[in-house]
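>>> just need the structure, nothing else, for what follows:
(one chain, ligands or ions: 1)
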Amino acid sequence: MTTCTSRITLPPSRRLLWQILRSAAYLCLTVACVAQTPKTRLEDLHDKTILVFTPHPDDDVFGAGGTIALLNRHHNKVVIAIYTNDDKGSSDPEMSSQRLAAIRKQEEEASEGLLGTAKENLIWMGYDDGMLEYAAQPKLVEETVAIIRQIRPDVLLSVDPGEWYERWHKTDHRMAAFNTIDAVRAAQFRLYFPNLLLERGLAPYTVPELYFFYPSPQEANYWVNIEPVFDLKADSLLKQVSQFEPAEAKYRPDWDPDTWQKTKKGLQALQETKDGHPVESFRYATSFNDR
Ligand SMILES: [Zn+2]
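Coordinates of the predicted model:
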């Protein structure tokens, strides 16, 4: 919705009535949004374009790796936009940010590759780890709008700011969540970033459906059964060697077999389950135009 610039002055008696009606309308819209369900289930989509925004080059796999694998199996085009280079998260005293960024890029390519996402479908936005919140916001949202208008996804996946840990303790997660949804809105309207149309031919675009991974358990309203790719998801995560011990503390590019097996079991034990099946949970929403 564009900003309303008109002002209507109501008498005090009408103002209260107007406020009550407006509150009721908001409540109805909210309920309608929560109650919405997709026409086609996410995991049943074929030959569509899916755009995933992830704060770091591993959250896409932790939060939605099984779903991404299923989408790739069904011949959808999956594109992953990665906000940051993840160049800070190592305790190895001999690690440098530059080297870590290169390692994390290779690991993400291997990890997503196992899920079926081509290396060419990874978009590296290039922000430094932990610094997304301090990036120039008009530039950040414009870049994100450009990606949305260029890829023109049928479905967009992004991190959810709703979960307690994401909201309070993960700066890049917070920023990626809010920035992505701001960009989804801006991508719809021609008057946001008109240069994108004039200079790059990127016309406005409305994202029809949105799924947010890492939702708060209270707000999750959609679950994908990832049983067919449960093993593959763990193998994909284990490609991100430097995210786990022992390589996090003292980098090595490989695993010893025992640690690999133990870590895989640990990861699989942590996977959320529903009705006896391993699942990935999401908060589903449709485009703002549908509300
Ligand atoms: Zn992260």
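
>>> looking at the stretch 151-291 of the chain, which residue is nearest the ion?
Using C-beta to the ion, the single residue of the stretch 151-291 of the chain nearest to the ion is His173, 5.7 Å away. Heads up, the C-betas are built off the backbone N, CA and C, glycines and all.

>>> beta partners of Val52?
Listed by DSSP bridges, the beta-bridge partners for Val52 are Ile80, Leu157.

>>> let me know the pLDDT of Glu108.
For Glu108, the pLDDT comes out at 98.

>>> confirm for me that it is in contact with Ile82.
Yes. Look at Glu108 against Ile82 with C-beta atoms under 8 Å: they come within range, at 6.8 Å.

>>> before we move on, back to that, dump the residue contacts of the residue of the stretch 151-291 of the chain closest to the ion.
By C-beta atoms under 8 Å, 6 or more residues apart in numbering, His173 lies in contact with Pro55, Asp59, Val159, Pro161, Glu166, Tyr214.

>>> what parts of the stretch 51-200 of the chain come near the ion?
Pro55, His56, Asp59 (C-beta under 5 Å from the ion).

>>> identify the contacts common to Glu108 and Ile82.
Pro57, Leu122.

>>> quick one: which of the residues of the stretch 51-200 of the chain next to the ion is nearest Gln271?
Asp59 (15.2 Å; C-beta to C-beta).

>>> and that closest one, how many neighbours?
26 (other C-beta atoms under 10 Å).

>>> how close does the closest residue to it other than its chain neighbours sit to Pro138?
In this structure, Asp59 finds its nearest non-sequential neighbour in Val159, 6.0 Å apart by C-beta to C-beta, 6 or more residues apart in numbering. Plainly put, Val159 is 21 Å away from Pro138 if you go by C-beta to C-beta, to the nearest Å.

>>> who has more neighbours, these two?
Val159 (30 against 9).

>>> just to revisit the earlier point, next up, phi/psi of the residue nearest to Asp59, please.
Main-chain torsions, Val159, degrees, to the nearest 10: phi -70, psi 150.

>>> now swap in the one 10 residues further on and tell me
For His169, the backbone dihedrals are phi -120, psi 0 (criterion: degrees, to the nearest 10).

>>> relative to Leu71, how far out is it?
For His169, the distance to Leu71 - C-beta to C-beta - is 29 Å.

>>> so these two - more neighbours on which side?
Leu71 (27 against 9).

>>> Gly126 in helix, strand or coil?
Following DSSP: H, G, I helix; E, B strand; the rest coil, the label given to Gly126 is strand.

>>> how about the helices in the chain?
12-35, 59-73, 97-115, 137-151, 164-169, 171-188, 194-200, 230-237, 257-270 (DSSP state H).

>>> lowest average pLDDT across those?
helix 12-35 (a mean of 47).

>>> isn't Arg167 right next to Arg174, touching?
Yes. Using C-beta under 8 Å, Arg167 is in contact with Arg174, at 6.3 Å.

>>> the two - which one has more neighbours?
Neighbour totals were compared for Arg167 and Arg174, and Arg174 leads with 18 against 14 (other C-beta under 10 Å).

>>> leaving out sequence neighbours, find the closest residue to that one.
Pro161 is the one closest to Arg174 (C-beta to C-beta, 6+ apart), at 5.7 Å.

>>> among the helices of the chain, which is nearest Pro246?
helix 257-270 (6.9 Å).

>>> what residues does Trp260 make contact with?
Leu238.

>>> if you could redo that for Gln150, that was the one I meant.
Contacts for Gln150 (C-beta under 8 Å, 6+ apart) come out as Arg200, Leu202.
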